[in-house]
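Asker: Got a predicted model here, sequence first, then my questions.
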Amino acid sequence: MTLCWEHLQHLLSHPSAWMESPPEWIEPLVLRGAVAVLEEADSPEADLILGAAARVCPIKEMRAAALQALTRRASQQGRDSSRTMLFDLAVNAANTEAVAVIRKHNLTCSCPRLQAVFSFLYEDSEAYGQYDPLGLHITEAYLESQDAGFRSRLIEAARRQGWEEWIDIVRALESPTEEGVDALINRYTRFTHSRERQILLHFLDKAAQAGSEIAQEALCTLFLKYEDGQVLQILRQRGYLPRDAVQRALFFFLTQQWERYEALDLDQRLLAIAYEQASPLVRRRLLHLSRYTGRVGWLSIVQRGHAVRGVRDLSDADWQTLMAHLAGAERWVELWKIAQVAPPYWGVQILHVLKEKGWQPESGEEREAFNTLSSLAETCRLNPPQVQRIAVFRPPMATELMSFAVNREGTWMAAGTTDATLWIWDLVDSKLPPRRLGGMLGQPRVLAFSPESDYLIGGFNDHAIRIFRMSDGALVKTLSGHKGLIRALVVHPAGRVLFSAGFDGTIRVWRFPFGPQLRLMTTPDGEELFGLGISEDGERLISAGSAGVIRVWRWMDGALVAELPDQGETLLALAVSSGQLGASYSRDGWLRAWNIVNGRRLWEVTCEGMRLSHLYFHPEEQLLFSTDLEGAISAWNIFSGKVISRLTDPASAGVGLWIHPQGHRLFSAHASGDINLWDLETLLLARSVPRFPAALQIPYLEQRWLKAASEAPSLKAWLRYLLELYRWLARFDVEVTEPVVLEVGEFDIQL
């Protein structure tokens, strides 16, 4: 429209003159006037109309004018509806001008879902994570939308951010089928992040509440398959039960609803069928709970072949059962077969039984091997395998240690001393003397390395966290905020977030390495915190302290996810495995192991004569290591809670433990100033099933045997036994035979 200024002046001076205006002027003038009126209006309805105009008005200039009016309104204080409409245009209409305006003016939206979806579509994952850490908003937006274009844009954004698993979840949930949901359940524990598990649970629960039988059954299957505590809580709240009677009996048994179980399964045949159909993991749970509660009657119904287990799956209690059953039935040949493929520790026990009974193989070659092994086994049986010290590190000046840490790769070691000094050892070149780090900054009470080993973090007695650069030892940042002693430091596996916990009852989340504090989590009772761990996926924190309660936190939003009470008095030590296990030690002398996911306690033992100070899970084997105030080091079986090895040699209070990721080396730090390096290889070889090809193990064992001339007799005995065992087993390296299944009572064992 070409403007004539004189005519406009006349029109404004004489309003009634609009009838004299050219017809092609009237429509644009009316529309512009409408936009101006709406811009001045103090009403959310004006934003709705302006938003509709910016989206669908057929005149391009009017769409632009409406968007400009919305932008000006959005810049005014208190105009939440204007900003919401801009975000709606950007998200639902893919309006690039609205996206540019929001970015230019750094606008935020009061509608959480719109804000989250905008960040997901147009910003990076870090920005998006501030608004929707669990991905619930974008999932809900996808599932509720009928706009194929909008869904497509969400899928594209998900691919950019590497959310392939999320794509599979939403596509399965938008039109759920039993096959599609079953596929998600089978992947449940293999999802890369707990975020995907939370999304699946949330929307299965939502669909189940809306009446979806597929979703209800899926939740039941999730619990039965993985014993997920969060799923169990949902099932108890909603009252969902498996449709199938066999699975319902299994559900009642595993959740210890004994009256309901007995009313459903009087003759226990349903449970026997469930056991037959179950996966090895569910069978193991069922056996463990049956033994723990004494409800083992159903086992007599299980027919032969229903439970075939490998030698790797047997606990110490299983080995005892196996030996007693076969010996009682005088099945000596089968015992001899098992002795050859069992963990050598149990092979030694079996050989002792066979020798006492005077049994020998019929074959001459086998008889010779049997006599050699059984003779060596007697010495081993009387001298259980132990860890061996191979090096000792000490600070240059005689002083007591207060803290200790080793980096992830085992190439650097740090220790803090009572004289306010930090020492660093290069473990690659152990001949180099340790170097001193920092100045007189106070006593370092707890230490941790960053995942990339470029920083060392210390919690000091002045309640400050100090971060040192490893390359030059410079202090690069001091983080302040704690009001009490800092007792635990944990760095996120990705290396961008630091967690700290202390006696002020808080867990603080810091951007690493330079701050600031991102989040503060306070325990409900303000307890003194002694321990802090992180789950394998890096999304949950586990805390322990003076309240005697294990707490599980979701650090992204600060939510308290679960509490595991009745852990005893003050929890002085905490360890979290790379899987789902946790362990804690309380002041009243109890050591407990439990499942992090469902909170179920596996066992508890009283540590008579031991006052534990630190706990550490072995990265590969079923072992938990501890050190105590007397300096002793103990190895515990994580399924039975029994000590399988104990070393009392250090005789000085333990201040730290660390095990190399490959599992063959253990460091223990002690108040006396000694840091001991221990060899776990022999202990692990004795407690693990033989490794094949056996011939590959022989050169290593021969070398160890030759070097053991001056070492402890027990070590030499075990090395000799292991060497002879592997020489005998090497003949299997070239044999191809069908697996042998032996019936041994409660279960069958496959050799």
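Answerer: Cool, the structure landed.
Asker: Surely residue 383 is in contact with residue 719?
Answerer: No. With contacts counted by CB atoms under 8 Å, residue 383 stays clear of residue 719, the gap being 11.7 Å. Bear in mind the C-beta positions are built from the backbone N, C-alpha and C, glycine included.
Asker: isn't there a helix covering residue 652?
Answerer: No. Looking at residue 652 with DSSP: H, G, I helix; E, B strand; the rest coil, it is coil, so not inside a helix.
Asker: right, and it touches residue 674 too?
Answerer: Yes. Between residue 652 and residue 674 a contact is recorded at 6.6 Å, counting by CB under 8 Å.
Asker: Just the strands from the stretch 601-750 of the chain, written as ranges.
Answerer: With strands called from DSSP state E, counting those that start in this stretch, the stretch 601-750 of the chain shows them at 601-606, 612-617, 623-628, 633-637, 643-647, 654-659, 665-670, 675-679, 741-743, 748-750.
Asker: now do the stretch 301-450 of the chain
Answerer: Under DSSP E, counting those that start in this stretch, the stretch 301-450 of the chain gives strands at 308-310, 388-393, 401-406, 412-417, 421-426, 435-437, 444-449.
Asker: For residue 383 and residue 719, indicate the residue with more neighbours.
Answerer: residue 719 (25 against 15; other CB atoms under 10 Å).
Asker: And residue 494, how close does it get to residue 136?
Answerer: Separation of residue 494 from residue 136 (CB to CB, to the nearest Å) stands at 22 Å.
Asker: ok so, going back, the strands of the stretch 601-750 of the chain: which one's closest to residue 217?
Answerer: strand 601-606 (28.4 Å; CB to CB).
Asker: Describe which strands the closest one pairs with in its sheet and in which direction.
Answerer: strand 590-595 (antiparallel) (DSSP bridges).
Asker: who's more crowded, residue 494 and residue 136?
Answerer: residue 136 (18 against 9).
Asker: Look up how far residue 533 lies from the more buried one.
Answerer: Following CB to CB, the distance that separates residue 136 from residue 533 is 26 Å.
Asker: what do you get for residue 597?
Answerer: To residue 533, residue 597 is 14 Å away according to CB to CB.
Asker: list residues touching both of these two?
Answerer: Residues touching both residue 597 and residue 533 by CB atoms under 8 Å, 6 or more residues apart in numbering: none at all.
Asker: List the buried residues for stretch 276-286?
Answerer: By neighbour count on 16 or more other CB atoms under 10 Å, the buried set for stretch 276-286 is 278, 282, 283, 284, 285, 286.
Asker: helix, strand or coil for the residue lying closest to the first one once chain neighbours are set aside?
Answerer: Spatial nearest neighbour of residue 278, excluding adjacent residues (CB to CB, 6 or more residues apart in numbering): residue 286 at 6.9 Å. Using three-state DSSP, the secondary structure recorded for residue 286 is helix.
Asker: isn't residue 286 right next to residue 249, touching?
Answerer: No. Here residue 286 does not reach residue 249: they are 11.1 Å apart, not a contact under CB under 8 Å.
Asker: any shared contact partners between those two?
Answerer: By CB under 8 Å, 6+ apart, the residues touching both residue 286 and residue 249 are 271, 274.
Asker: Report the helix or strand with the lowest average pLDDT across this structure.
Answerer: Sorting the helices and strands of the chain by mean pLDDT, DSSP states H and E puts helix 5-13 at the bottom, at a mean of 58.
Asker: From residue 248, how far off is residue 195?
Answerer: 31 Å.
Asker: Between these two, which has more neighbouring residues?
Answerer: residue 195 (23 against 20).
Asker: list the helices and strands the helix or strand that contains that one packs on?
Answerer: Assessed by DSSP states H and E, residue 195 sits inside helix 194-209. Counting contacts by 3 or more CB pairs under 8 Å, 6 or more residues apart in numbering; DSSP states H and E, helix 194-209 is packed against helix 136-144, helix 164-174, helix 213-226, helix 229-238.
Asker: Give me the average confidence score over it.
Answerer: Averaging pLDDT along helix 194-209 gives 91.
Asker: can you give me the angle it makes with helix 164-174?
Answerer: 10 degrees (axes from the mean of the first three to the mean of the last three CA atoms, to 10 degrees).
Asker: my guess is residue 534 meets residue 552, correct?
Answerer: No. Look at residue 534 against residue 552 with CB under 8 Å: they stay out of range, at 10.8 Å.
Asker: Neighbour count for the two, which is higher?
Answerer: Taking neighbours as other CB under 10 Å, residue 534 and residue 552 compare with residue 552 leading, 22 against 19.
Asker: got a list of what that one touches?
Answerer: With CB under 8 Å, 6+ apart, residue 552 has these contacts: 540, 541, 542, 560, 561, 562, 563, 564, 596.
Asker: in stretch 405-412, what counts as buried?
Answerer: In terms of neighbour count (16+ other CB under 10 Å), stretch 405-412 has its buried residues at 405, 406, 407, 410, 412.
Asker: And the pLDDT at the fourth one?
Answerer: Put plainly, it is residue 410. 93.
Asker: next one: the first one
Answerer: We have a pLDDT of 97 for residue 405.
Asker: Now for the nearest residue to it once chain neighbours are set aside, how many residues are close by?
Answerer: The shortest distance from residue 405 to any non-neighbouring residue, by CB to CB, 6+ apart, is to residue 447 (3.9 Å). Neighbour count for residue 447, taken as other CB under 10 Å: 22.
Asker: Can you give me the separation between residue 447 and residue 455?
Answerer: Counting by CB to CB, the separation of residue 447 from residue 455 is 11 Å.
Asker: And for residue 121?
Answerer: 35 Å.
Asker: I would like the residues contacting the helix holding residue 195, please.
Answerer: 133-136, 139-140, 143, 165-166, 169, 173, 176, 181, 184, 188, 191, 214-216, 218-219, 222, 230-231, 234, 238, 240, 535, 537, 539-540.
Asker: where does the stretch 301-450 of the chain dip in pLDDT?
Answerer: For the stretch 301-450 of the chain, the stretches flagged by pLDDT under 70 are 301-310, 313, 438-440.
Asker: Try it again at 90.
Answerer: 301-322, 324-325, 329, 341, 362-365, 383-390, 396-399, 419, 428-432, 437-442 (pLDDT under 90).
Asker: would you list every one of the helices in it?
Answerer: 316-328, 332-341, 344-356, 364-382 (DSSP state H, counting those that start in this stretch).
Asker: Flag every buried residue along stretch 660-668.
Answerer: Buried, per 16+ other CB under 10 Å, within stretch 660-668: 660, 663, 665, 666, 667, 668.
Asker: can you name the two of those that are farthest apart?
Answerer: 663 and 668 (15.3 Å).
Asker: Quick one: end-to-end distance for stretch 101-113.
Answerer: Using CA to CA, to the nearest Å, the end-to-end distance of stretch 101-113 comes to 19 Å.
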